[in-house]
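Undergrad: below: sequence and its predicted model.
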Amino acid sequence: LDENSLMADAPVLDDTQIEAATATVKTLVNNYKVASIILDGYNNHATTENYAAYRTSGGGVGYDNWMRLQTYRLVESASAAVRETDRSVQVSLRVGPVWAYADTQEGGIGLSSGFQSLTDGFADTRMMVENGLADNLFVENYGSLTNTEQPFETVSQWWTSLTKDTEMQTYFILANDKVG
């Protein structure tokens, strides 16, 4: 979604950024033979510019809700662009290991360490999965079998329980130094 890391430096995720990312996705699908586009780099950041954009266009829904909506719109738009351009190209979504903690959000994972996509990245990755925005799910699951902060088994069970009744394929991204 973020060709040349332009959005990483962008202080605001607005319609212009979403349209640019969507155009990039269409260009990739139209000009290259690809099997899948992996959507990543969509987390949003609390900035004064984002707050000003919220006050201008989204005031009243709550800042956190508006931030999550912008992120959702970005992924939804990119997903739709792939599917409208070439239905044979799969949409894949790369997610962090923790959507939200159980003590932060009902239905969250029973952990208490690390980045939460929902609250820290303003990305409701669970809703993205539940609404079918992707064909494949790539979960960053770097914890080892003996890791107590983010155990591999806890992370993998949470995500596979979310996708078990869907046709979405779930893949886990492992850290080589923790496989053994």
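TA: All right, it came through fine.

Undergrad: report the distance from stretch 100-107 to the chain centre.
TA: What separates the centre of stretch 100-107 from the centre of its chain is 17 Å, taken as C-alpha atoms, centre = their mean, to the nearest Å.

Undergrad: the longest helix seen in the chain - contacts with which helices or strands?
TA: In the chain, taking DSSP state H as the definition, the longest helix is helix 63-85. Helix 63-85 is packed against helix 15-31, strand 36-39, helix 48-53, strand 90-95, helix 125-130, with contacts defined by 3 or more C-beta pairs under 8 Å, 6 or more residues apart in numbering; DSSP states H and E. For the C-beta atoms, the positions are set from N, CA and C on the backbone; glycine is no exception.

Undergrad: list the buried ones in stretch 146-159?
TA: N147, Q150, P151, F152, T154, V155, S156, W158, W159 (16 or more other C-beta atoms under 10 Å).

Undergrad: now, which of the residues you listed lie within helices?
TA: Short answer: the buried residues of stretch 146-159 in helices (DSSP H) are F152, T154, V155, S156, W158, W159.

Undergrad: excluding covalently adjacent residues, which one is nearest to the first one?
TA: I take that to be F152. Distances taken as C-beta to C-beta, 6 or more residues apart in numbering put G143 closest to F152, at 4.7 Å, once the chain neighbours are dropped.

Undergrad: which of the helices or strands spans that neighbour?
TA: Counting by DSSP states H and E, no helix or strand carries G143.

Undergrad: isn't it right up against Q150?
TA: Yes. If you go by C-beta atoms under 8 Å, G143 and Q150 touch, sitting 3.9 Å apart.

Undergrad: so what sits against both of these two?
TA: Residues within reach of G143 and of Q150 at once, by C-beta atoms under 8 Å, 6 or more residues apart in numbering, are P97.

Undergrad: can I get the CA coordinates of stretch 66-86 in CSV?
TA: Extracted in CSV, the C-alpha atoms of stretch 66-86 (Å, rounded to 0.1, in the frame of the first residue of the first chain):
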residue,chain,number,x,y,z
TRP,A,66,-12.5,8.1,12.9
MET,A,67,-8.9,6.9,12.9
ARG,A,68,-9.9,3.3,12.7
LEU,A,69,-12.5,4.1,9.9
GLN,A,70,-9.7,5.8,7.9
THR,A,71,-7.5,2.7,8.2
TYR,A,72,-10.5,0.4,7.3
ARG,A,73,-11.3,2.6,4.3
LEU,A,74,-7.7,2.3,3.1
VAL,A,75,-7.7,-1.5,3.2
GLU,A,76,-11.2,-1.8,1.9
SER,A,77,-10.4,0.5,-1.1
ALA,A,78,-7.1,-1.4,-1.9
SER,A,79,-8.9,-4.7,-1.6
ALA,A,80,-11.7,-3.5,-3.9
ALA,A,81,-9.2,-2.2,-6.4
VAL,A,82,-7.5,-5.6,-6.7
ARG,A,83,-10.8,-7.4,-7.1
GLU,A,84,-12.2,-5.0,-9.6
THR,A,85,-9.0,-5.0,-11.7
ASP,A,86,-8.3,-8.7,-11.8
